[in-house]
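1. just need the structure, nothing else, for what follows:
(2 chains)
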2 protein chains.
Amino acid sequence: MSSRAALPSDPAARPLRVVSIGGGTGQPNLICALRALPCAIEAIVAMADDGRSTGILRERSGVLPPGDVRKCLSALASDPGAPLARAFAHRFGYLDNHALGNLVLAALCEEGATFTEAVCACEQLLDCVGRVHPSTTDDVHLIGRTVDGRVVRGQAALSHGSCALETVWLDSKARAHAPAVAAIMAADLVVLGPGSLFTSIIPNLLVDGIATALRATPAMKAFICPKVDMQGETWGMDGDECLAALERHGMAGAIDIAVFHRSADAAGSATRTFRALVGRLAEPIASPSDAANLDGGPSRTSVPARHDAFPFRDVALTGDAERRVRARVPWVAVRDFSCARSRSIHDPSALGACILEVMNRCRSRRR
Amino acid sequence: MSSRAALPSDPAARPLRVVSIGGGTGQPNLICALRALPCAIEAIVAMADDGRSTGILRERSGVLPPGDVRKCLSALASDPGAPLARAFAHRFGYLDNHALGNLVLAALCEEGATFTEAVCACEQLLDCVGRVHPSTTDDVHLIGRTVDGRVVRGQAALSHGSCALETVWLDSKARAHAPAVAAIMAADLVVLGPGSLFTSIIPNLLVDGIATALRATPAMKAFICPKVDMQGETWGMDGDECLAALERHGMAGAIDIAVFHRSADAAGSATRTFRALVGRLAEPIASPSDAANLDGGPSRTSVPARHDAFPFRDVALTGDAERRVRARVPWVAVRDFSCARSRSIHDPSALGACILEVMNRCRSRRR
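-> Below is the predicted model of the structure:
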């Protein structure tokens, strides 16, 4: 019998089941890192997006938000360089900047498929090496309150606001998509993030059943903190405040591992929340120009024109903040995720190395 | 050895190689009929279309005309009811009425694929049961002269003009796509039509190498005459005039079989060409309303608003006209192709039955 055939009878040797919870560009970045590791991948994707191509399609087609799901499907394509995989990710500059994959999902749904069936059809089209689940198939929008007390409606507006956020909630009740719950319950490791904290990670937790499953599952839960406070939603927040926000939204006491970025040549650390409110920053700290290139094309909210006016910097974890985090989370890892390509994205190979450490902790616990 | 395995050693029993030459909606209709018959199917598609979604994409994307190729790909999908096959044919009413398949072809080309590679990727996506070849991969537009002497530019304008056409030509030199020539040379049967005579069938013959191959191939050549003179381009023309137009464009003496429609309860016959010029028709004969539904959405030419003003009727073959055709073509078949779904489309099962007769003639000649 070959060693490959022997795998199923040796539970300790089987690939770990890793579930990614997120959305935006952080989640496909994590998937790319996971693909190099010995694990089965399932992605649970936030479903409250209303920006850009996704927002236009939600309005005109009535389709559930396709964009973040599409990015995960692309990240899971068996051959990302194959013509159909490249076309799937292609954006039409002359057609509202729609990505073809978004239009494929919309067309499938307009032809009578459920959103879940549409996602399955795309998994087949791209011959995906993992699964993608919407966290809910209910039609929801995000609402939030900023730390200075204003209520803002819509994910796109929330993610490019003029002030950090304190709380977000959904505009209507939403039930978890059953396969997403099943994936969490069967997982060895659940990774929350990296990604926009309030608009990619937390919206998953607002769906009835997801946070409950995360507290119930025997899987280890790792939180990967955003690397920079680029999004308006987290401006000025440090690592402790990011973790606290996650805890406020259903994850109190449930995080086993927290991962933070610290550049080897870090010049300074982020201020705490309120110092980052509009107009209170003394000087620009970093240009958001690399951020603007992450997802192609202009945002369709009314806010993006102002976005350029705001700097961003690394989310820090130092001194008292680090002590507070270590008091609440069993394992805290601080690593250098500096990425030559983008200030805001975790370097995929550094992220992969860190996830491998996390996976080894899962394995040793399982044995 | 099973009878299936024995087939290759019995040339007389192998499926016939049938090549369809056309475009528009007539060619996929023929393909649907061919699929029920024991034959291998290859479609050679006209590449001068510039109307609707196709015209917009040619202008904005620079892609070669995708629409007619896309319809043939859909007709060849192994499971036309599969979600991806249905989505491929889906039109977005809120996006210039683009068909998703047109956008897939455009995205593939914008991502660096050649048009031929893009077509192959779509054959794979739809798991097609036959091949689709553009007649040329050169970028060409159609020009034509009406029987009353006006020169009209562009296929869309030509197909919805106010007068029958006499001659069409391409705006620049175009070479035949090699696999199209190879398919013609290897064919047992080549079927020209059904479809719009001047804008779907003849544009294939204007490409350097196609008409030459058609005259050189040992395959039998069948012409299926348009059923109605719905398109402005053939208004008032009878079957003899349609065949003569095909002969003027490179097919003189090359047609072995000509197939015409005659309804069992035909009320009358078409006049000859000049009587059908605008304003000379005494009364409307048939409503074009069913024609308007054939391809979804409005035309983008400046002409379609006037289209409603024009009636159409069956292309007839009677009396002297029939005698003239029989003098030039070895086998003339007149059948009833009346279709409950549409006045302008050949009934697929009647078309299939007639093609089977034609195929049997090919077989008996081969034996």
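
2. pretty sure residue A:165 sits against residue A:236.
-> No. Using C-beta atoms under 8 Å, residue A:165 is not in contact with residue A:236, being 11.2 Å away. Every C-beta, even on glycine, is put in place using the N, C-alpha and C of the backbone.

3. which of those two has more neighbours?
-> Counted by other C-beta atoms under 10 Å in any protein chain shown, residue A:165 and residue A:236 do not tie: residue A:165 has more neighbours, with 26 against 22.

4. which parts of the stretch 101-250 of chain A sit against chain B?
-> By the rule C-beta under 8 Å from any C-beta of the partner chain, the part of the stretch 101-250 of chain A lying against chain B is A:103-104, A:106-108, A:110-113, A:117-118, A:121, A:124-125.

5. for the residues you listed, work out which two are farthest apart.
-> A:110 and A:124 (18.5 Å; C-beta to C-beta).

6. out of those two, which sits in the more crowded spot?
-> Comparing residue A:110 with residue A:124 by other C-beta under 10 Å, the one with more neighbours is residue A:110, at 20 against 13.

7. tell me the pLDDT at residue A:2?
-> Here the pLDDT value assigned to residue A:2 is 38.

8. hmm, I typed the wrong one, I wanted residue A:13.
-> Per-residue pLDDT puts residue A:13 at 72.

9. now residue A:364
-> pLDDT for residue A:364: 84.

10. tell me the phi and psi of it?
-> Main-chain dihedrals, residue A:364, degrees, to the nearest 10: phi -60, psi -30.

11. tell me, how many residues neighbour it?
-> The burial count for residue A:364: 9, using other C-beta under 10 Å.

12. also residue A:112?
-> Neighbours of residue A:112 (other C-beta under 10 Å): 11.

13. helix, strand or coil for it?
-> coil (DSSP: H, G, I helix; E, B strand; the rest coil).

14. could you pull up the contacting residues of the nearest residue to it once chain neighbours are set aside?
-> What sits nearest to residue A:112 in space, not counting adjacent residues and going by C-beta to C-beta, 6 or more residues apart in numbering or on different chains, is residue B:86, at 7.7 Å. If you count contacts by C-beta atoms under 8 Å, 6 or more residues apart in numbering or on different chains, residue B:86 has them with A:108, A:111-112, B:80.

15. again, but for residue A:203
-> Residue A:203 neighbours (C-beta under 8 Å, 6+ apart): A:23, A:46-48, A:135, A:142, A:155, A:168, A:170.

16. in this structure residue A:53 contacts residue A:102, no?
-> Yes. Counting by C-beta under 8 Å, residue A:102 is a contact partner of residue A:53 at 5.2 Å.

17. shared neighbours of the two, anything?
-> What both residue A:53 and residue A:102 touch, as defined by C-beta under 8 Å, 6+ apart, is the set A:66-67.

18. so where's the stretch 151-300 of chain A uncertain?
-> A:266-300 (pLDDT under 70).

19. those strands in it, which residues are they?
-> Ranges of strands within the stretch 151-300 of chain A are A:151-153, A:165-170, A:189-192, A:220-224, A:257-261, based on DSSP state E, counting those that start in this stretch.
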